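Colleague: would you be able to build a 3D model of this:
(one chain, ligands or ions: 1)
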Amino acid sequence: MKKLLIAVAILIGVFFAGLLFQTYDYGKTCIYCLRDYHVVEEQFCGVTFYRKSKLRDEGYPRYEEVFGHPCEHVYKTGGFGRSIGGIWGGGIGCGMTAEGVLFRQRKAIIGLSYRLSETTRETAPLITTIELMDIWFPETLLKDFSGDTSLVSAGQNAAFSWENDLQDVQTVEEWNTVIKNAQAKAEEYYDAMKRPRP
Ligand SMILES: [Zn+2]
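Modeller: Reported below is the predicted structural model:
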(Lines give C-alpha, C1' and ligand atoms only; values in the text may rest on other atoms or scores of the structure.)
Protein backbone atom coordinates (compact mmCIF):
# COMPACT_ATOMS: atom_id res chain seq x y z
CA MET A 1 0.00 0.00 0.00
CA LYS A 2 2.78 2.37 0.97
CA LYS A 3 4.63 1.60 -2.25
CA LEU A 4 1.50 2.33 -4.25
CA LEU A 5 1.07 5.68 -2.51
CA ILE A 6 4.68 6.60 -3.26
CA ALA A 7 4.23 5.58 -6.89
CA VAL A 8 1.08 7.69 -7.16
CA ALA A 9 2.82 10.64 -5.49
CA ILE A 10 5.71 10.37 -7.98
CA LEU A 11 3.30 10.21 -10.91
CA ILE A 12 1.44 13.27 -9.67
CA GLY A 13 4.76 15.05 -9.12
CA VAL A 14 5.93 14.24 -12.66
CA PHE A 15 2.58 15.36 -14.05
CA PHE A 16 2.73 18.76 -12.33
CA ALA A 17 6.41 19.23 -13.22
CA GLY A 18 5.35 18.58 -16.82
CA LEU A 19 2.80 21.34 -16.54
CA LEU A 20 5.58 23.82 -15.74
CA PHE A 21 7.04 23.23 -19.22
CA GLN A 22 5.25 25.17 -21.89
CA THR A 23 5.71 25.67 -25.59
CA TYR A 24 4.91 29.14 -26.81
CA ASP A 25 4.91 29.89 -30.53
CA TYR A 26 4.10 33.07 -32.38
CA GLY A 27 4.56 34.91 -35.64
CA LYS A 28 6.54 38.13 -35.96
CA THR A 29 6.33 40.34 -39.00
CA CYS A 30 8.22 43.46 -40.07
CA ILE A 31 5.72 46.33 -40.34
CA TYR A 32 7.65 47.85 -43.28
CA CYS A 33 8.63 45.01 -45.65
CA LEU A 34 6.41 42.26 -44.12
CA ARG A 35 9.31 39.83 -43.63
CA ASP A 36 7.81 37.15 -41.42
CA TYR A 37 9.18 34.63 -38.92
CA HIS A 38 7.64 31.79 -36.95
CA VAL A 39 9.18 31.65 -33.47
CA VAL A 40 8.99 28.69 -31.09
CA GLU A 41 9.97 29.16 -27.45
CA GLU A 42 10.29 26.44 -24.84
CA GLN A 43 9.61 27.81 -21.37
CA PHE A 44 9.98 26.49 -17.85
CA CYS A 45 7.95 28.36 -15.21
CA GLY A 46 7.43 31.11 -17.79
CA VAL A 47 11.17 31.59 -18.44
CA THR A 48 12.37 30.90 -21.99
CA PHE A 49 15.26 28.46 -22.17
CA TYR A 50 15.14 27.69 -25.89
CA ARG A 51 14.09 29.79 -28.88
CA LYS A 52 14.05 28.94 -32.57
CA SER A 53 13.06 31.31 -35.41
CA LYS A 54 12.15 30.10 -38.87
CA LEU A 55 11.76 32.43 -41.84
CA ARG A 56 8.23 31.97 -43.15
CA ASP A 57 8.04 34.77 -45.70
CA GLU A 58 10.83 36.92 -47.15
CA GLY A 59 8.56 39.93 -47.36
CA TYR A 60 8.82 42.47 -50.15
CA PRO A 61 12.35 43.19 -51.41
CA ARG A 62 10.63 46.06 -53.24
CA TYR A 63 11.09 48.08 -50.04
CA GLU A 64 14.77 48.57 -50.89
CA GLU A 65 13.96 49.36 -54.54
CA VAL A 66 11.46 52.04 -53.50
CA PHE A 67 13.26 53.60 -50.54
CA GLY A 68 16.85 53.18 -51.77
CA HIS A 69 18.12 51.41 -48.64
CA PRO A 70 17.54 48.00 -47.08
CA CYS A 71 14.70 47.68 -44.62
CA GLU A 72 15.83 48.03 -41.01
CA HIS A 73 13.02 45.65 -39.97
CA VAL A 74 10.68 46.56 -37.14
CA TYR A 75 9.05 43.32 -36.00
CA LYS A 76 5.67 43.06 -34.31
CA THR A 77 4.14 39.87 -33.01
CA GLY A 78 0.93 38.43 -34.40
CA GLY A 79 -0.92 35.20 -33.73
CA PHE A 80 0.30 32.89 -30.98
CA GLY A 81 -0.25 29.43 -29.55
CA ARG A 82 0.56 28.02 -26.15
CA SER A 83 0.64 24.40 -25.12
CA ILE A 84 1.72 22.46 -22.08
CA GLY A 85 5.20 20.98 -22.44
CA GLY A 86 6.28 18.34 -24.88
CA ILE A 87 5.38 15.13 -23.10
CA TRP A 88 1.80 16.08 -22.35
CA GLY A 89 1.26 18.05 -25.51
CA GLY A 90 -2.01 19.57 -24.33
CA GLY A 91 -3.15 22.78 -25.94
CA ILE A 92 -3.96 25.67 -23.64
CA GLY A 93 -4.93 28.24 -26.15
CA CYS A 94 -4.13 30.33 -29.13
CA GLY A 95 -5.07 33.78 -30.22
CA MET A 96 -3.70 37.14 -31.23
CA THR A 97 -1.29 39.29 -29.26
CA ALA A 98 -2.23 42.93 -28.52
CA GLU A 99 0.40 43.97 -31.08
CA GLY A 100 -1.14 41.58 -33.57
CA VAL A 101 -4.54 43.20 -33.17
CA LEU A 102 -3.20 46.76 -33.35
CA PHE A 103 -1.00 46.18 -36.42
CA ARG A 104 -3.21 43.80 -38.39
CA GLN A 105 -4.65 46.55 -40.61
CA ARG A 106 -1.28 48.20 -41.17
CA LYS A 107 0.19 44.91 -42.40
CA ALA A 108 -2.83 44.13 -44.59
CA ILE A 109 -2.88 47.57 -46.23
CA ILE A 110 0.88 47.64 -46.82
CA GLY A 111 0.74 44.12 -48.30
CA LEU A 112 -2.01 45.08 -50.75
CA SER A 113 -0.10 48.28 -51.61
CA TYR A 114 3.12 46.39 -52.43
CA ARG A 115 1.18 44.16 -54.79
CA LEU A 116 -0.42 47.18 -56.48
CA SER A 117 2.99 48.80 -56.74
CA GLU A 118 4.23 45.71 -58.55
CA THR A 119 1.31 45.53 -60.98
CA THR A 120 1.10 49.27 -61.72
CA ARG A 121 4.90 49.90 -61.54
CA GLU A 122 4.04 53.02 -59.51
CA THR A 123 5.81 53.82 -56.25
CA ALA A 124 4.43 57.21 -55.09
CA PRO A 125 1.15 55.87 -53.60
CA LEU A 126 3.11 53.12 -51.81
CA ILE A 127 5.43 55.72 -50.25
CA THR A 128 2.42 57.86 -49.21
CA THR A 129 0.77 54.77 -47.71
CA ILE A 130 3.78 53.89 -45.57
CA GLU A 131 4.12 57.54 -44.46
CA LEU A 132 0.45 57.60 -43.40
CA MET A 133 0.84 54.26 -41.64
CA ASP A 134 3.69 55.76 -39.63
CA ILE A 135 1.25 58.44 -38.42
CA TRP A 136 -1.74 56.20 -37.62
CA PHE A 137 -0.06 52.89 -36.85
CA PRO A 138 3.44 53.95 -35.68
CA GLU A 139 5.82 51.42 -34.18
CA THR A 140 5.15 52.95 -30.72
CA LEU A 141 1.42 52.28 -31.10
CA LEU A 142 1.14 49.78 -28.26
CA LYS A 143 2.70 52.33 -25.88
CA ASP A 144 0.48 55.12 -27.25
CA PHE A 145 -2.55 52.90 -26.95
CA SER A 146 -2.24 52.77 -23.18
CA GLY A 147 -2.38 56.58 -23.16
CA ASP A 148 -4.24 58.69 -25.69
CA THR A 149 -6.15 56.38 -28.02
CA SER A 150 -7.21 59.02 -30.56
CA LEU A 151 -4.40 58.07 -32.92
CA VAL A 152 -5.46 54.44 -32.99
CA SER A 153 -9.12 55.36 -33.41
CA ALA A 154 -8.40 57.76 -36.27
CA GLY A 155 -6.26 55.12 -37.95
CA GLN A 156 -8.90 52.45 -37.57
CA ASN A 157 -11.55 54.83 -38.82
CA ALA A 158 -9.50 55.29 -41.98
CA ALA A 159 -8.17 51.76 -42.33
CA PHE A 160 -11.38 49.78 -42.42
CA SER A 161 -12.61 51.00 -45.81
CA TRP A 162 -9.02 51.52 -47.02
CA GLU A 163 -8.28 47.81 -46.71
CA ASN A 164 -11.59 46.85 -48.32
CA ASP A 165 -11.41 49.31 -51.20
CA LEU A 166 -7.79 48.42 -52.06
CA GLN A 167 -8.89 44.94 -53.05
CA ASP A 168 -10.83 46.31 -56.02
CA VAL A 169 -8.20 48.79 -57.20
CA GLN A 170 -6.81 48.29 -60.73
CA THR A 171 -5.38 51.65 -61.73
CA VAL A 172 -3.11 54.24 -60.15
CA GLU A 173 -6.01 56.76 -60.23
CA GLU A 174 -8.24 54.41 -58.26
CA TRP A 175 -5.40 53.72 -55.87
CA ASN A 176 -4.85 57.45 -55.19
CA THR A 177 -8.60 57.93 -54.66
CA VAL A 178 -8.67 55.18 -52.01
CA ILE A 179 -5.78 56.89 -50.17
CA LYS A 180 -7.53 60.31 -50.39
CA ASN A 181 -10.75 58.80 -49.02
CA ALA A 182 -8.83 57.25 -46.13
CA GLN A 183 -7.22 60.60 -45.31
CA ALA A 184 -10.68 62.22 -45.38
CA LYS A 185 -12.02 59.55 -42.99
CA ALA A 186 -9.23 60.24 -40.50
CA GLU A 187 -9.87 64.00 -40.83
CA GLU A 188 -13.56 63.39 -40.13
CA TYR A 189 -12.56 61.58 -36.97
CA TYR A 190 -10.34 64.41 -35.75
CA ASP A 191 -13.11 66.93 -36.42
CA ALA A 192 -15.83 64.85 -34.78
CA MET A 193 -13.71 64.21 -31.71
CA LYS A 194 -12.23 67.73 -31.73
CA ARG A 195 -8.76 66.24 -31.56
CA PRO A 196 -5.54 67.87 -32.75
CA ARG A 197 -3.85 66.29 -35.75
CA PRO A 198 -0.71 64.31 -34.96
ZN1 LIG B 1 11.52 44.92 -42.88
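
Colleague: can you confirm residue 40 is in a strand?
Modeller: Yes. Looking at residue 40 with DSSP: H, G, I helix; E, B strand; the rest coil, it is inside a strand.

Colleague: tally of neighbours for it?
Modeller: By other C-beta atoms under 10 Å, the residues close to residue 40 number 14. Where you see a C-beta, it was placed from the backbone N, CA and C, and this is true even at glycine.

Colleague: which residues touch it?
Modeller: By C-beta atoms under 8 Å, 6 or more residues apart in numbering, residue 40 lies in contact with 23-25, 51-52, 54.

Colleague: among those, name the buried ones.
Modeller: Buried residues within these, defined by neighbour count using 16 or more other C-beta atoms under 10 Å: 23-25.

Colleague: what's opposite residue 44 in the beta bridge?
Modeller: Per DSSP bridges, the residues bridged to residue 44 are residue 21, residue 47.

Colleague: what residues does it make contact with?
Modeller: Neighbour list for residue 44: 20-22 [criterion: C-beta under 8 Å, 6+ apart].

Colleague: SS state for residue 95?
Modeller: Assignment for residue 95 (three-state DSSP): strand.

Colleague: gap between it and the ion?
Modeller: Taking C-beta to the ion, to the nearest Å as the criterion, residue 95 is separated from the ion by 25 Å.

Colleague: so for that residue, what's the pLDDT?
Modeller: On pLDDT, residue 95 comes in at 89.

Colleague: distance of it relative to residue 78?
Modeller: 10 Å (C-beta to C-beta, to the nearest Å).

Colleague: who has more neighbours, those two?
Modeller: Using other C-beta under 10 Å as the criterion, residue 95 and residue 78 rank with residue 78 on top: 19 against 10.
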